[in-house]
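# Output the structure for:
(one chain, ligands or ions: 1)
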Amino acid sequence: MARKVIVAGNWKMNKTASEGVALVEALKPLVADVCECCAEVVVCPTFTTLSAVVEACKGSNVKVGAQNVHWAESGAFTGEISAAMLKEAGVEYVIIGHSERRQYFGETDATVNSRLKAAVAAGLKPIVCIGETLEEREGNKTEAVLGKQLEDGLKDLDSATVGAMVLAYEPVWAIGTGKTATPEMAQETHAFIRSKVAELFGKEAAENVRIQYGGSMKPENAEELVRQADIDGGLIGGAALKADSFAALVKNAIKGAGC
Ligand code: PGA
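As a prediction, the model looks like this:
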């Protein structure tokens, strides 16, 4: 069975609750004809905007994700949020290990792994981000870096869990820079990621896991990227902050998937 496209908007630290609701209200009619049988549309607001956006998305085909989750059930972790809190807020997906978390907030593969286990245990659907820096790519270390992020980040998970999850390949040098990996370059890396998942978790998990591309993805390049055999959608920053560009991107991604 073909993998279902998943396009997720990562709003990062943008949009107050009222701005987020306005975005979603504008987005809903634009993507109302997107069949859930071929694509999932997800928006990932900040914590304070989540509840209002969950409410606004009710009865539509737009799903909601968070941008982070802590590994503990509760306790003295100022500024963090638990999986149960997200579940109760009506959240379905959660982004884990975004490169900005790794770069600015000390996130490591070990913390990614802990957060991932907590998310899975609570029934949240994780979107786990991996990616290399420009220096690592230029030093021919891309596969070694991604391989280690997968080995350590997904440690101890079972094959079924990995098959059901979403990975987001986001080359750090392409995020917010306007520099997109070419479709061929992205495909080559996605194929490597899938082969690494096969090595670690078996063929079925590798065939089922959805791998999004992220990094300056926009309406203009979405179709070509998603046309690649191992690219199953996108994790979108800048182009997700406006309803029309995000909707256009979703439609073009679906075209690329031939759905
Ligand atoms: P961008 O961000 O689309 O603005 O490059 C993508 C991301 O960081 O998820």
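
# Closest residue of the stretch 101-250 of the chain to the ligand?
Of all residues in the stretch 101-250 of the chain, Gly237 sits closest to the ligand, at 2.3 Å by Cβ to the nearest ligand atom. In this view, the C-beta of every residue, glycine as well, is placed from N, C-alpha and C.

# Show me what stretch 134-143 is in contact with.
Glu132, Val145, Pro171, Val172, Trp173, Thr189, Phe192 (Cβ atoms under 8 Å, 6 or more residues apart in numbering).

# What residues does the protein have near the ligand?
Within the chain, the positions near the ligand by Cβ under 6 Å from any ligand atom are 10, 170, 175-176, 214-217, 235-239.

# got JSON lines for these, with distance to Ala110 too?
Shown next, in JSON lines, are the residues of the chain next to the ligand (distance: Cβ to Cβ, whole Å):
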{"residue": "Asn10", "distance to Ala110": "22"}
{"residue": "Glu170", "distance to Ala110": "19"}
{"residue": "Ile175", "distance to Ala110": "22"}
{"residue": "Gly176", "distance to Ala110": "26"}
{"residue": "Gly214", "distance to Ala110": "22"}
{"residue": "Gly215", "distance to Ala110": "24"}
{"residue": "Ser216", "distance to Ala110": "29"}
{"residue": "Met217", "distance to Ala110": "28"}
{"residue": "Leu235", "distance to Ala110": "22"}
{"residue": "Ile236", "distance to Ala110": "27"}
{"residue": "Gly237", "distance to Ala110": "25"}
{"residue": "Gly238", "distance to Ala110": "30"}
{"residue": "Ala239", "distance to Ala110": "32"}
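
# Which ones among those lie within strands?
Applying DSSP state E to the residues of the chain next to the ligand, the entries found in strands are Asn10, Gly214, Leu235, Ile236.

# need the contact list for the third one.
Right, the one you point to is Leu235. So Leu235 contacts Ala8, Asn10, Ile95, Ile127, Cys129, Ala168, Glu170, Gln212, Tyr213, Gly214, Met217 (Cβ under 8 Å, 6+ apart).

# following the helix or strand hosting the fifth one, which helix or strand shows up next?
Spelled out, it's Cys129. Counting by DSSP states H and E, the element that carries Cys129 is strand 125-130. Counting by DSSP H and E, the next helix or strand C-terminal to strand 125-130 is helix 134-138.

# From the chain's centroid, how far away is whichever helix or strand comes after that following helix?
With elements assigned by DSSP H and E, the helix or strand that comes after helix 134-138 is helix 142-153. Computed by Cα atoms, centre = their mean, to the nearest Å, the separation of helix 142-153 from the middle of its chain amounts to 17 Å.

# which other residues reach stretch 251-259?
2, 5, 7, 31, 34-35, 38-39, 219-220, 222-227, 232-234.

# Stretch 22-31 now?
Under Cβ under 8 Å, 6+ apart, the answer for stretch 22-31 is 15, 41, 43, 53, 56-57, 60-62, 241-244, 246-247, 250-251.

# rewinding a little: select from the contacts of stretch 134-143 the one having the most neighbours.
If you count neighbours using other Cβ atoms under 10 Å, the busiest of those is Pro171, which has 27 neighbours.

# quick one, what contacts Glu40?
Glu40 neighbours (Cβ under 8 Å, 6+ apart): Lys4, Val5, Ile6, Val7, Lys63, Gly233.

# Phi, psi for the residue lying closest to Val145 once chain neighbours are set aside please.
Nearest non-adjacent residue to Val145, counting by Cβ to Cβ, 6 or more residues apart in numbering: Glu132, 4.5 Å away. Taking degrees, to the nearest 10, you get phi -110, psi 160 for the backbone angles of Glu132.

# Where does the stretch 1-150 of the chain get nearest to the ligand, residue-wise?
Counting by Cβ to the nearest ligand atom, the stretch 1-150 of the chain gets nearest the ligand through Asn10, at 4.2 Å.
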